[in-house]
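A.B. asks: Have a look at this prediction, sequence included:
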Amino acid sequence: MVKKNAFALRINEDILKAFEKWASNEFRSTNGQIEWMLMQTLKEAKREPKKKED
């Protein structure tokens, strides 16, 4: 199980609305959509986190 940390994010209202709409179109929560987008960006930059072995 992946540990998740919560933190406050200050974001422009129009950007948040765009994320909410995108998330709805993809059947994700807004938080899940932002997390997915961040992971895609990390992968493209070849900076994705290393997988931990159990």
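C.D. replies: Looks like it came in fine.
A.B. asks: Figure out the helix or strand that the residue nearest the centre of the chain lives in.
C.D. replies: Centroid-nearest residue in the chain: residue 35, 1.2 Å away (criterion: C-alpha atoms, centre = their mean). Element membership of residue 35 [criterion: DSSP states H and E] is helix 30-44.
A.B. asks: Show me what that helix is packed against.
C.D. replies: Applying 3 or more C-beta pairs under 8 Å, 6 or more residues apart in numbering; DSSP states H and E, we find helix 30-44 packed against helix 13-25. For the C-beta atoms, the positions are set from N, CA and C on the backbone; glycine is no exception.
A.B. asks: quick one: average confidence on the helix it packs on?
C.D. replies: Mean per-residue pLDDT for helix 13-25: 96.
A.B. asks: same check, this time on stretch 41-54
C.D. replies: For stretch 41-54, the mean confidence score works out to 87.
A.B. asks: Pull the number of nearby residues for residue 33.
C.D. replies: 19 (other C-beta atoms under 10 Å).
A.B. asks: now the nearest residue to it once chain neighbours are set aside: how far from residue 44?
C.D. replies: The shortest distance from residue 33 to any non-neighbouring residue, by C-beta to C-beta, 6 or more residues apart in numbering, is to residue 23 (3.5 Å). Going from residue 23 to residue 44 by C-beta to C-beta, to the nearest Å gives 20 Å.
A.B. asks: and the two? which has more neighbours close in?
C.D. replies: Applying other C-beta under 10 Å to residue 23 and residue 44 shows that residue 23 carries more neighbours, namely 18 against 9.
A.B. asks: Isn't the more buried one up against residue 30?
C.D. replies: Yes: applying C-beta atoms under 8 Å, one finds residue 23 in contact with residue 30, separated by 4.7 Å.
A.B. asks: Contact partners for residue 49?
C.D. replies: Under the criterion of C-beta atoms under 8 Å, 6 or more residues apart in numbering, the neighbours of residue 49 are residue 42.
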